[in-house]
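Asker: I would like to see how this sequence folds:
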Amino acid sequence: MRILFSIYILLMIVSCNQDTANTKTNQNNSIDLEISDNKDIFGGWSMCAISDNDMMIQLNTCKTLILKPNGTGYIENNSLIIETFVWTLKNLGLKIIYGNKSLNSTFPDTTYYTYFTKQKDRVDLILRHKGQSYYLSK
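Answerer: Here you go, the predicted model:
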């Protein structure tokens, strides 16, 4: 099942006309981030796919996740801010916490295991918690 899932992810990346050659894992993701230790995390991330256990969901409209150096962030959908949160990255854990608990949040308040991969002109980030994975790129 993992091989099938890996093939699906590879096909999804190729179908987005992205160069998948020369993928290199970023070994700096174990650095403790207070404000700006891991600069790869900052900025806008496009999120177009989510998996829940073994089922892949391709979003019709990609959301944008913005992570600012001051530890705040927000999610945009069609250029409108729909969610705001605070975040921290320590070792391999990205913690996201929303101030407004009544929202139907994209990410549940928790700590996500992070996995970075770097390519020539692209950085990919996978956030995992329990059976869910969120696929982001910039």
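Asker: Low-confidence stretches in the protein?
Answerer: Applying pLDDT under 70 to the chain flags the ranges 1-38, 102-103.
Asker: in the sheet, who's paired with Ile57?
Answerer: Ile50 (DSSP bridges).
Asker: show me the contacts for it.
Answerer: Residues in contact with Ile57 (CB atoms under 8 Å, 6 or more residues apart in numbering) are Ala49, Ile50, Ser51. Any C-beta I mention is one placed from the backbone N, CA and C, and that applies to glycine too.
Asker: repeat that with 10 Å
Answerer: Cys48, Ala49, Ile50, Ser51, Gln132 (CB atoms under 10 Å, 6 or more residues apart in numbering).
Asker: Compare these and tell me which is most surrounded.
Answerer: In terms of neighbours by other CB atoms under 10 Å, the contacts of Ile57 top out with Ala49 at 21 neighbours.
Asker: give me phi/psi at the closest residue to that one other than its chain neighbours?
Answerer: Among residues not flanking Ala49 along the chain, Tyr135 sits closest, at 4.4 Å (CB to CB, 6 or more residues apart in numbering). Dihedral pair for Tyr135: phi -110, psi 120, per degrees, to the nearest 10.
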